[in-house]
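*Asks:* dropping the sequence and predicted coords here.
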Amino acid sequence: LAKHTFYVNGEVDNALSGEYMYDTLLPELPSTEGKAFIGWTTDEQFTDSSAIVTHALIKNTELYAVFGYSVTFDYNYVKSDNTQKGEYFTARVLSGETVKAELDSYGDPFRAGDDFEGWYLDSDCTKEFDPDSEITQNLVVYAKWSSMGSGGSSSGEIDTGNSDGNNSNLGIWIGVGVVAAAVIAGVTVIFVRKEKKK
């Protein structure tokens, strides 16, 4: 065990400070005053994002809270059961940094039957988001979708790809894939689908 003293905004946090077993995951702080918690650092004059500490160290250590901003990437459409699809992922960066690297690592989101057309600063998708821009506040950005082959935007519209809410189309595609694989392998496969009682 090693003593870890946690500093938040220049003050010792007695609730967090104490002995931690080596390699234990360190506690996270909630976002405060419009900023997102990034992690802990041993450098009070923190300047390098690679110096973030996430696990307890082997020796007695003073750790300082680092805050930045969060950018939440929202799928921006409603499912057939009228619930919002929700977030794709959230990136946390230091003030003035960009989210380009995080966005590149996640790649584009996918939605069956639609083409992804980029990220926007508003849910109506009228103001395009530039991933190379410096982040100076917490943001939510929204995916823009268009129906394949139609050229029309469908952001925010209901996802009609699953009308019964039970992944029936997913089952069909899996079934087609299994049958195709079985035909290639010379195996007979029979699927029986039970109808739901009304």
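*Replies:* That came through fine.
*Asks:* pull the contacting residues for the one residue sitting closest to the centre of the chain.
*Replies:* In the chain, the centroid-proximal residue (CA atoms, centre = their mean) is F89; its distance is 1.1 Å. Applying CB atoms under 8 Å, 6 or more residues apart in numbering, we find F89 in contact with T72, F73, E102, Y106. Every C-beta, even on glycine, is put in place using the N, C-alpha and C of the backbone.
*Asks:* do I have it right that the third one meets A91?
*Replies:* Yes: counting by CB atoms under 8 Å, E102 sits close enough to A91 to count as a contact (4.0 Å).
*Asks:* ok, the two, which is more surrounded?
*Replies:* Comparing E102 with A91 by neighbour count (other CB atoms under 10 Å), the higher total belongs to A91, at 24 against 17.
*Asks:* what bridges to that one?
*Replies:* V71 (DSSP bridges).
*Asks:* tell me the pLDDT at it?
*Replies:* Looking at A91, its pLDDT stands at 93.
*Asks:* then T47?
*Replies:* At T47, the model reports a pLDDT of 72.
*Asks:* and the gap between it and Y64?
*Replies:* According to CB to CB, to the nearest Å, T47 stands 12 Å off from Y64.
*Asks:* the more surrounded of the two?
*Replies:* In this view T47 and Y64 are compared by other CB under 10 Å, and Y64 has more residues nearby, 19 against 8.
*Asks:* in the sheet, who's paired with that one?
*Replies:* Beta-bridge partners for Y64, by DSSP bridges, are Y7, T41.
*Asks:* how close does it sit to D23?
*Replies:* Relative to D23, and taking CB to CB, Y64 is found at 20 Å.
*Asks:* and stretch 17-26, what's buried?
*Replies:* Y20, L26 (16 or more other CB atoms under 10 Å).
*Asks:* averaged pLDDT, it. What do you get?
*Replies:* Stretch 17-26 comes out at a mean pLDDT of 96.
*Asks:* quick one: end-to-end distance for it.
*Replies:* Stretch 17-26 stretches 11 Å from its first residue to its last (CA to CA, to the nearest Å).
*Asks:* all helices for the chain, in order.
*Replies:* 100-106, 168-185 (DSSP state H).
*Asks:* lowest average pLDDT across the ones you listed?
*Replies:* helix 168-185 - the lowest mean pLDDT of those, at a mean of 42.
*Asks:* hang on, the earlier thing: just the buried residues out of the contacts of F89, in ChimeraX syntax.
*Replies:* Selection of buried members from these for ChimeraX, criterion 16+ other CB under 10 Å:
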select :72,73,102
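*Asks:* can I get the contacts of F89 in a markdown table with distance to S17?
*Replies:* Below are these laid out as a markdown table (distance: CB to CB, whole Å):
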| residue | distance to S17 |
| --- | --- |
| T72 | 31 |
| F73 | 35 |
| E102 | 31 |
| Y106 | 35 |
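*Asks:* looking at the contacts of F89, which is nearest V141?
*Replies:* The nearest member of the contacts of F89 to V141, counting by CB to CB, is F73 at 5.7 Å.
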